[in-house]
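Chemist: sequence and predicted structure are below.
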Amino acid sequence: KQEVTQIPAALSVPEGENLVLNCSFTDSAIYNLQWFRQDPGKGLTSLLLIQSSQREQTSGRLNASLDKSSGRSTLYIAASQPGDSATYLCAVRLTGYSTLTFGKGTMLLVSP
Amino acid sequence: DTGVSQNPRHKITKRGQNVTFRCDPISEHNRLYWYRQTLGQGPEFLTYFQNEAQLEKSRLLSDRFSAERPKGSFSTLEIQRTEQGDSAMYLCASSPSPGTGDETQYFGPGTRLLVL
């Protein structure tokens, strides 16, 4: 059974800092990995998707990397802003399946 | 396209009542997923449709839960004889057909259920 772990569970930083969120997974036979953002009481917004054949994806101030062999992904946020405050979720899709297995998320607070 | 929509957004019910949620996926997305999320946890998979066919069901989906996608468009999730443990956010997602180059699952705003 795939297990997804996200560290840290919560993170508080001042505005402008660069930060890294971590995601690890136990089964390396993944098809892709997605990072999502979730604001309190809201649905999920997709940020980045990395296919198993890719090493990283970038969108604006966000960069996600994937190391299948070690079962790890990181989400790098550059020059953090208060508007980045949210919970960030990592989700893995296994090869041969269509569904996602999620971590519990990292709750990020960026203070002005 | 307005994205995935879910109705109602909030539902309060008494234990033992039946509830039904609706999900309208992004048009032309043939894959539709239901997830459940409790406080402080990530979403957990419930069931998955490709067109009108229900291809996968989680063991979380007890016999009190039933989902349909009758014409391969919108989907409904019904919970019979609700229990307090059913209180959660119910999330719907959709994704395009394989081969389109887009593997992203797009989520709706969710339906928050509170069972008293």
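Modeler: Great, that's in hand.

Chemist: so which residues on chain B come close to chain A?
Modeler: Taking CB under 8 Å from any CB of the partner chain as the contact definition, chain B meets chain A at B:4, B:6, B:31, B:33, B:35, B:40-45, B:48, B:50, B:55-56, B:91, B:93, B:95, B:103-110, B:112. Backbone N, C-alpha and C define where each C-beta goes, glycine included.

Chemist: just the buried ones from these, in ChimeraX syntax?
Modeler: In ChimeraX, this line selects whichever of the residues of chain B next to chain A come out buried by 16 or more other CB atoms under 10 Å in any protein chain shown:
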select /B:4,6,31,33,35,42,43,44,45,48,50,91,93,95,104,105,106,107,108,109,110,112
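
Chemist: and the residue nearest to residue B:107 when sequence neighbours are not counted, what's its pLDDT?
Modeler: Using CB to CB, 6 or more residues apart in numbering or on different chains and skipping residues adjacent in sequence, the residue nearest residue B:107 is residue A:44, 4.0 Å away. In this model, residue A:44 is scored at 95, pLDDT.

Chemist: who's residue A:44 bridged to?
Modeler: residue A:38 (DSSP bridges).

Chemist: hang on, residue A:107 packs against residue A:87?
Modeler: Yes. With contact defined as CB atoms under 8 Å, residue A:107 counts as touching residue A:87 (4.9 Å).

Chemist: and these two? Which one has more around it.
Modeler: Taking other CB atoms under 10 Å in any protein chain shown, residue A:107 and residue A:87 do not tie; residue A:87 has more neighbours (21 against 18).

Chemist: mind checking how far that one is from residue B:3?
Modeler: Applying CB to CB, to the nearest Å, the value for residue A:87 to residue B:3 is 20 Å.

Chemist: same thing with residue A:69?
Modeler: Distance of residue A:69 to residue B:3, computed by CB to CB: 36 Å.

Chemist: could you check which of these two has the larger neighbour count?
Modeler: Shown here are residue A:69 and residue B:3; by other CB under 10 Å, residue B:3 has more neighbours (14 against 6).

Chemist: quick one: the strands in chain B?
Modeler: B:5-7, B:10-13, B:19-24, B:31-37, B:44-50, B:53-57, B:65-68, B:75-79, B:88-95, B:106-107, B:111-115 (DSSP state E).

Chemist: per-residue pLDDT, residue B:98?
Modeler: At residue B:98, pLDDT is 78.

Chemist: roughly how far does it sit from residue A:68?
Modeler: Going from residue B:98 to residue A:68 by CB to CB gives 21 Å.

Chemist: helices and strands of chain B: which one bottoms out on pLDDT?
Modeler: Across the helices and strands of chain B, the lowest-confidence element by mean pLDDT, DSSP states H and E is strand B:53-57, at a mean of 92.
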